[in-house]
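Chemist: I'd like to go over a predicted model; first the sequence, then the structure.
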Amino acid sequence: FGEIDLNKDYSVQGVNNILKNLYLTNFFKTVDIKIDSGILYISLEENPIVQNLIINGLKAKKFQEKLQEVLTIKERSSFVESHVKKDLNVIENTFKTSGYYFVEVDVKIIKNSNNTVDLIYDIDLGEKAKISKIKFLGDKIYKDRKLLNIITSEEDKFWKFISSKKFLNEERVNLDKRLLEGFYKNKGYYEVVIENSYANFLDNKSFELIFNIKPGKKYYFNKLSLHLPDDYNKKYFVEIDEILKNLTGKTYSRNNVEEILETLDKIALQKQYQFINAKISEKITDDKIDFDIFIEDSDKIYVEKINIFGNTYTLDQVIRNNLLIDEGDPFNKILHSRSLNNLRGLRIFKEVDSKIVSGSTYNEKIVEIEVKEMPTGEITAGAGVGTSGSNIGFGIKEKNYLGKGITLDANIILSDEAIKGSLAMTNPNYKNTDKSITTRIESTTIDRLKDFGYETNKYGFSLGTTYQQYEDIYFSPNISLYYEDLSTNSAASSQLKKQSGEYTDGIVSYVFTLDKRDQKFRTTEGHKTYFSQALPLISDDGVLVNTFEYQKYHQFVDQMVGRLSFYIRSVNSISDNDVRISKRTILPSRKLRGFEPGKIGPIDAGDFIGGNYSSALNLSTDIPFLFSNIQTADFKFFVDAANVWEVDYSETIDDSNKIRSSTGISVDWFTPIGPLNFSLAKPITKASTDKTESFRFNLGTTF
């Protein structure tokens, strides 16, 4: 241990080095060295050994295991008093990251007769620290309501007895900072700094969580250039040139930069430019950014091996399925970076790190990936009350079931007239096919016996998949089997009584989606087209359902996004039978404001029964300048036009085939008791049988 050699002339520095080496072992409490007549004398007092390390006060096994990993002193190691103080700090900091800011730790040291000690930690976790208020300071530009929707932390309310997001958690706060930074950078604020996010301690053992935002100025893409090596065929990179041309003059967005690199990856791999690297040079002038993208040949390096560390629960295969490089592939820095982003995007790891080390030969590298797992299960509960009634729901979700990356989602919703429940399991990469498989079991009961004389009970299961067919085009086939019991009483109409009975439906359906939006969440530009068709495989009425929807987004000015949506749906029997009431189309309430939900179209015995056809056209835009000083509310102007028409089972039913339309203002308000949405609408055109409403609201919250 001391690195001591015979026949060596030891100076004062040499003796000091021996002392240093021996103390570094942590085996010795005291070391005394002297040299006399060519003899080196070393007098030692050994540190006692930790015979037992006992941790009291922790019920959760995960906390016990976590501390055993991070403590410096362990069982059978040397006992060093200075390390005890260090471990006390480690314990406190470890629990602070999990929200226990008021933890108290007492340590007891029991000396045994055999030069050993028992080390006992008595831990009182105390209550978890709660977030009483979330504040956004600085020139934040956007309203608090929008920023609160971006972060994951929540303010503590008395009804949030399940939610874990109300507790102050260092890891969650760091995630919130990254989410805010990403939001601002996608809005053009290239130099945004989310600084000094801190928690202000209050007297009632709660905290104010404060984010200080410095967005800086807004930047725009100016000159974007792609530079290729002389021996590259430029025609293969025309798509990149087109993207760069379209971005000129537009607001800077980090998503657009990612799109460029992703497109570059695809071209490089298709055209066998595997050994390339992209370097981006940025030049800022006033509020403009010039981007020069330099493509250069990299060394011909191959991936010899991929080592994965830190996944004690998650299977290796889950991680490898999300990597864009594999063992034996050419090593590509761009693909490696995107692979790490894929793993972070799973939201099952709190940290993902990697390093590249030398392999067996000069042109081989070993990729080492280290992950830190985090809890992936959550329990949710929520309630809502609104113009159309009240509801309450409960749910359980696990994003990494059995460590296989499988999502398990169970929920139940109870409303005034219905009970709906479902259990769904999604495997995102079934048998390494890059295709997701979703299995769902569901049950729905709708009770309208008292008012309209009928009740339906529907049970069934479905099996479906989703995958990307072409660029931005997704295909989702599905097969399902349902059993339905439709019962009536004397209050039902004569036509409805004829439909009473038991039904079995086997349905094959598919969905095509063309998604050209700039981002899935809070879209500002682009469009999305959706078409679905449900075909009867086993059916008593042979119902064919077609649905088409087109959505268009355009940002006129900052924070003012216009939206256009066109929707049409048809439900018809291909066997000349009548479409039963549970299958007829009813317009979604969001498609027509100013009218009571489901209270337009065909009527039978006073009940709005839906129709064979429905359609809607919706126009809306944000109004950022209206009451701009109200931080927790957003305002929108809208125009809705819609219709529900035609019933196949009777020609005498009042169809009221007429375009309904309305205009008004809607408000999204983040209130102290939960998100509140309400609209003030004025019908423009309507049928005499329609039921209108000028005010509609819905208040929801989570527990």
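Modeler: Structure's in. What do you need? The model shown is predicted, which means the values in this text are computed figures rather than measured ones. Numbering: from 1, shown residues only.
Chemist: State the distance from Leu402 to Thr314.
Modeler: Using Cβ to Cβ, to the nearest Å, we find Leu402 at a distance of 10 Å from Thr314. Placement of C-beta: from N, CA and C, glycine included.
Chemist: same check, this time on Pro624
Modeler: 43 Å.
Chemist: And the two? Which one has more around it.
Modeler: Neighbours per residue (other Cβ atoms under 10 Å) separate Pro624 from Thr314, with Thr314 holding more: 22 against 16.
Chemist: Can you tell me the SS state at the more buried one?
Modeler: Following DSSP: H, G, I helix; E, B strand; the rest coil, Thr314 is assigned to coil.
Chemist: So it sits against Met374, correct?
Modeler: No - the pair formed by Thr314 and Met374 falls short of the contact definition of Cβ atoms under 8 Å, at 10.5 Å.
Chemist: any common contacting residues for those two?
Modeler: Taking Cβ atoms under 8 Å, 6 or more residues apart in numbering as the contact definition, Thr314 and Met374 share the neighbouring residues Ile348, Phe349.
Chemist: Any stretches of the stretch 551-700 of the chain with poor pLDDT?
Modeler: Within the stretch 551-700 of the chain, the stretches with pLDDT under 70 are 700.
Chemist: Hmm, I typed the wrong one, I wanted the chain.
Modeler: Across the chain, the stretches falling below the confidence threshold (pLDDT under 70) are 162, 196-199, 203-204, 268-274, 384, 386-388, 700-703.
Chemist: Show me the helices in it, by range?
Modeler: Taking DSSP state H as the test, the helices found in the chain are 12-24, 61-70, 81-96, 144-150, 170-186, 238-247, 254-270, 316-321, 333-345, 449-452, 494-498.
Chemist: Put together a markdown table for those, with distance to Ile568 and mean neighbour count on each row.
Modeler: Formatted as a markdown table, the entries for the helices of the chain read as follows, by distance: least, Cβ to Cβ, whole Å; neighbours: other Cβ atoms under 10 Å:
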| stretch | distance to Ile568 | mean neighbour count |
| --- | --- | --- |
| helix 12-24 | 77 | 13 |
| helix 61-70 | 52 | 12 |
| helix 81-96 | 55 | 15 |
| helix 144-150 | 31 | 17 |
| helix 170-186 | 32 | 18 |
| helix 238-247 | 31 | 14 |
| helix 254-270 | 31 | 16 |
| helix 316-321 | 38 | 17 |
| helix 333-345 | 34 | 17 |
| helix 449-452 | 27 | 14 |
| helix 494-498 | 26 | 15 |
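Chemist: what's the closest of those helices to Trp645?
Modeler: For the helices of the chain, distance to Trp645 was read as Cβ to Cβ. The smallest value, 17.1 Å, belongs to helix 494-498.
Chemist: As PDB, could you dump the C-alpha coordinates of the closest one?
Modeler: These are the backbone C-alpha positions of helix 494-498, laid out as PDB (Å, rounded to 0.1, in the frame of the first residue of the first chain):
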ATOM      1  CA  SER A 494     -91.900   2.100 -31.800                       C
ATOM      2  CA  GLN A 495     -89.000   2.300 -34.300                       C
ATOM      3  CA  LEU A 496     -86.500   2.000 -31.400                       C
ATOM      4  CA  LYS A 497     -88.300  -1.000 -29.900                       C
ATOM      5  CA  LYS A 498     -87.700  -2.900 -33.200                       C
END
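Chemist: List the contacts of the residue nearest the centre of the chain.
Modeler: For the chain, the residue whose C-alpha lies nearest the mean C-alpha position (Cα atoms, centre = their mean) is Arg347; its distance is 6.7 Å. Counting by Cβ under 8 Å, 6+ apart, Arg347 touches Thr376, Lys399.
Chemist: ok, now Glu646?
Modeler: Pro602, Gly611, Asn612, Tyr613, Asp655, Asn657.
Chemist: Verify the stated contact: the third one with Ile586.
Modeler: What it means is Asn612. No - in this structure, Asn612 sits apart from Ile586 without contact. The criterion is Cβ under 8 Å, and the distance is 11.5 Å.
Chemist: So the two - more neighbours on which side?
Modeler: Ranked by neighbour count (other Cβ under 10 Å), Asn612 and Ile586 place Asn612 first, with 22 against 18.
Chemist: Okay, strands next: where are they in the stretch 351-500 of the chain?
Modeler: Using DSSP state E, counting those that start in this stretch, the strands found in the stretch 351-500 of the chain span residues 364-373, 377-386, 389-401, 406-415, 418-427, 436-448, 454-470, 473-488.
Chemist: could you dump those strands to TSV with distance to Val318 and mean neighbour count?
Modeler: As requested, those are arranged in TSV below (distance: least, Cβ to Cβ, whole Å; neighbours: other Cβ under 10 Å):
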stretch	distance to Val318	mean neighbour count
strand 364-373	10	18
strand 377-386	16	16
strand 389-401	8	17
strand 406-415	9	16
strand 418-427	10	17
strand 436-448	13	16
strand 454-470	18	16
strand 473-488	22	16
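Chemist: Out of those strands, flag the one nearest Val647.
Modeler: In this view, those are compared for proximity to Val647 by Cβ to Cβ, and strand 454-470 is the closest at 15.3 Å.
Chemist: what does the closest one rub up against?
Modeler: Identification of contacts with strand 454-470 by Cβ under 8 Å, 6+ apart yields 430, 433-449, 474-489, 492, 496, 500, 505, 581-582.
Chemist: Can you list the strands that it pairs with?
Modeler: Strand 454-470 has the following strand partners under DSSP bridges: strand 436-448 (antiparallel), strand 473-488 (antiparallel).
Chemist: tell me the angle of it relative to strand 418-427?
Modeler: 30 degrees (axes from the mean of the first three to the mean of the last three Cα atoms, to 10 degrees).
Chemist: Let's see strand 454-470 as PDB, backbone CA atoms only.
Modeler: Taking C-alpha atoms only, strand 454-470 is exported to PDB below (Å, rounded to 0.1, in the frame of the first residue of the first chain):
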ATOM      1  CA  TYR A 454     -83.400   2.500 -24.000                       C
ATOM      2  CA  GLU A 455     -80.200   1.200 -22.500                       C
ATOM      3  CA  THR A 456     -77.100  -0.200 -24.300                       C
ATOM      4  CA  ASN A 457     -74.400  -2.400 -22.900                       C
ATOM      5  CA  LYS A 458     -71.400  -2.900 -25.200                       C
ATOM      6  CA  TYR A 459     -68.300  -5.100 -24.600                       C
ATOM      7  CA  GLY A 460     -65.400  -6.000 -26.800                       C
ATOM      8  CA  PHE A 461     -61.800  -6.100 -27.700                       C
ATOM      9  CA  SER A 462     -59.600  -4.900 -30.500                       C
ATOM     10  CA  LEU A 463     -56.100  -5.600 -31.900                       C
ATOM     11  CA  GLY A 464     -54.300  -3.000 -34.000                       C
ATOM     12  CA  THR A 465     -51.000  -1.700 -35.200                       C
ATOM     13  CA  THR A 466     -49.500   1.600 -36.400                       C
ATOM     14  CA  TYR A 467     -46.400   2.100 -38.500                       C
ATOM     15  CA  GLN A 468     -45.000   4.700 -40.900                       C
ATOM     16  CA  GLN A 469     -45.700   3.600 -44.400                       C
ATOM     17  CA  TYR A 470     -44.000   6.500 -46.200                       C
END
